[in-house]
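Enquirer: with the sequence up front, the predicted model follows.
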Amino acid sequence: MTFGMNPNSRKLPPGQQLAAPGRWPIIGERAPMSSAGLGSLEICGLVDHPRPWSLGELENLPQIEISLDIHCVTRWSILDMTFSGVLLEDVLNCAGVHATARYISFVAHSARGHSTSLAIRDALDCQTLIAVRCGGAPLSVEHGGPIRNIVPHRYFYKSVKWLTRIELLAEDRLGFWEAESGYHNGADPWREQRYMAPTIDRRTAARLIDSRDFSRHDLRSIDAQGHDLTGLRAVEALLRDANFRRTVLRNADFTRANLSNAHFERADLHGAIFRDADVEGANFAGANLRGADFTGASLIGCSFCDPIRDDGQPLQAVLDPQTTVLPQSLWSPLAPEQIDFLIQSGFGTRAG
């Protein structure tokens, strides 16, 4: 049986761009904690029949294939992927859910034990799948196999790699990405629910902006738009979803900072340093990147140009020969239009 999961499969949610053809970027941990324990899924918590399920037992349940679009919070999407496995609803029916259970926690077999949660009703309405195959083949380990939950209609951090435990709860329990990284618990890509509220108040933000030193601070969603932050020190700062639109950041130092989904549209980043930084999903469209250094930066899903027209022209970053970007051989995480822009800017050549 096959379900078409997304009636808007030809349309991308706001802020998303298609990943390069044939590429499924790897986000977060690259491998499970160990091979021991893989291939077993424990159902526990507020259920009548807590028990482990082996991979073989899951495969003996009625198998469903779904076709869906996946949307990563770091702004890349892949259309029409197919996964197969057993519906979460069927597994829960076997377990017998207590009347007091309201939430469900999905836990990974990873070093961090990362997890995520959903209201049970939402998980069932989304037709959550306990997936064991992708594109007709066993789900690969690097992409969360042998068992991974797949939650259609939500950002992909709600789909946990190396799924090892499903726990039914009376009260919600935020998962790793929500509690540690500030990702939105709703995770609806069509409503662009990427992050929860900022981590600091306006007074604290103003003090740090005046100091021009963000180093090692957690400043998720800080609004520094339009400020002059020339020479800003932001080494190892946590600046997810930060707003630096039209900000002067000449010679700023973002070494090893986390700038996932940060906004740098039209910012002046002349001579800025992004060495070993996480700029996944960051938007540099229209920014001055002359002399900027991206050595070792993670560029998955980031943008240097915006196809949306601005005054009749594309909004494009400005680069020069002193701009240091990754070698073309490492551009695969970028969307095709971003690769084309870098080539047109003189940083690579088209194959063939």
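Expert: Received it, and whenever you're ready, just let me know what you need. Numbering: from 1, shown residues only.

Enquirer: CA atoms for contacts and neighbours, from now on please.
Expert: Fine.

Enquirer: could you pull out the strands for the stretch 1-150 of the chain?
Expert: Taking DSSP state E, counting those that start in this stretch as the test, the strands found in the stretch 1-150 of the chain are 2-4, 17-18, 40-45, 51-54, 64-71, 76-87, 103-108, 115-119, 129-134, 137-138, 148-150.

Enquirer: so in the chain, where's the weakest helix or strand by average pLDDT?
Expert: In the chain, no helix or strand scores lower on mean pLDDT, DSSP states H and E than strand 2-4, which sits at a mean of 39.

Enquirer: list of residues touching stretch 80-92?
Expert: For stretch 80-92, the surrounding residues in contact (CA atoms under 8 Å, 6 or more residues apart in numbering) are 9, 58-59, 61-70, 124, 127-136.

Enquirer: switch the cut-off to 6 Å
Expert: 63-69, 128-135 (CA atoms under 6 Å, 6 or more residues apart in numbering).

Enquirer: of those, just say which sits nearest to residue 331.
Expert: Looking at the contacts of stretch 80-92 and their distance to residue 331, the nearest is residue 69, at 22.5 Å (CA to CA).

Enquirer: contacts only, for residue 230.
Expert: By CA under 6 Å, 6+ apart, the neighbours of residue 230 are 248-250.

Enquirer: excluding chain neighbours, what is closest to residue 298?
Expert: residue 278 (4.9 Å; CA to CA, 6 or more residues apart in numbering).

Enquirer: show me what contacts that neighbour?
Expert: Counting by CA under 6 Å, 6+ apart, residue 278 has contacts 258-259, 297-298.

Enquirer: so how far is residue 247 from residue 159?
Expert: Per CA to CA, to the nearest Å, residue 159 is found 35 Å from residue 247.

Enquirer: ok, these two, which is more surrounded?
Expert: Taking neighbours as other CA atoms under 10 Å, residue 159 and residue 247 compare with residue 159 leading, 25 against 22.

Enquirer: for the more buried one, give its distance to residue 71.
Expert: 11 Å.

Enquirer: can you check residue 296 too?
Expert: For residue 296 relative to residue 71 (CA to CA), the value is 25 Å.

Enquirer: the more surrounded of these two?
Expert: A direct count of neighbours by other CA under 10 Å for residue 296 and residue 71 places residue 71 higher, at 26 against 16.

Enquirer: quick one: low-confidence ranges for the stretch 1-150 of the chain?
Expert: For the stretch 1-150 of the chain, the stretches flagged by pLDDT under 70 are 1-10.

Enquirer: please repeat the previous calculation with a cut-off of 50.
Expert: Residue ranges of the stretch 1-150 of the chain with pLDDT under 50: 1-9.

Enquirer: any buried residues in stretch 91-98, and which?
Expert: For stretch 91-98, burial by neighbour count (16 or more other CA atoms under 10 Å) applies to 91-92, 95, 97.

Enquirer: between those residues, which is nearest residue 330?
Expert: residue 91 (41.0 Å).

Enquirer: most tightly surrounded among the strands of the stretch 1-150 of the chain?
Expert: Of all these, strand 148-150 has the most neighbours on average by mean count of other CA atoms under 10 Å, namely a mean of 28.

Enquirer: go ahead and flag the most central residue of this structure.
Expert: Central residue of the chain (CA atoms, centre = their mean): residue 73, 3.5 Å from the mean position.

Enquirer: got a list of what the closest residue to that one other than its chain neighbours touches?
Expert: Among residues not flanking residue 73 along the chain, residue 155 sits closest, at 5.7 Å (CA to CA, 6+ apart). Contact criterion CA under 6 Å, 6+ apart gives 71-73, 187, 189 as the residues in contact with residue 155.

Enquirer: roughly how far apart are residue 218 and residue 224?
Expert: 14 Å.

Enquirer: go on, residue 248?
Expert: 10 Å.

Enquirer: the more surrounded of these two?
Expert: residue 248 (25 against 19).

Enquirer: verify the stated contact: the more buried one with residue 228.
Expert: Yes - counting by CA atoms under 6 Å, residue 248 sits close enough to residue 228 to count as a contact (4.7 Å).

Enquirer: any chance of TSV for the buried residues of stretch 91-98, columns distance to residue 290?
Expert: TSV is the format used below for the buried residues of stretch 91-98 (distance: CA to CA, whole Å):
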residue	distance to residue 290
91	55
92	55
95	59
97	58
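
Enquirer: out of the residues you listed, flag the one nearest to residue 322.
Expert: residue 91 (56.5 Å).

Enquirer: roughly how far apart are the closest one and residue 138?
Expert: Relative to residue 138, and taking CA to CA, residue 91 is found at 20 Å.

Enquirer: as CSV, the strands of the stretch 1-150 of the chain with distance to residue 263 would be great.
Expert: Compiled in CSV, the strands of the stretch 1-150 of the chain are given as follows (distance: least, CA to CA, whole Å):
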stretch, distance to residue 263
strand 2-4, 34
strand 17-18, 15
strand 40-45, 39
strand 51-54, 44
strand 64-71, 19
strand 76-87, 16
strand 103-108, 31
strand 115-119, 26
strand 129-134, 33
strand 137-138, 38
strand 148-150, 29
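
Enquirer: so which of these is nearest residue 348?
Expert: Nearest to residue 348 among the strands of the stretch 1-150 of the chain is strand 17-18; the distance by CA to CA comes to 20.6 Å.

Enquirer: partners of the closest one, with directions?
Expert: Strand 17-18 pairs in its sheet with strand 76-87 (parallel), by DSSP bridges.
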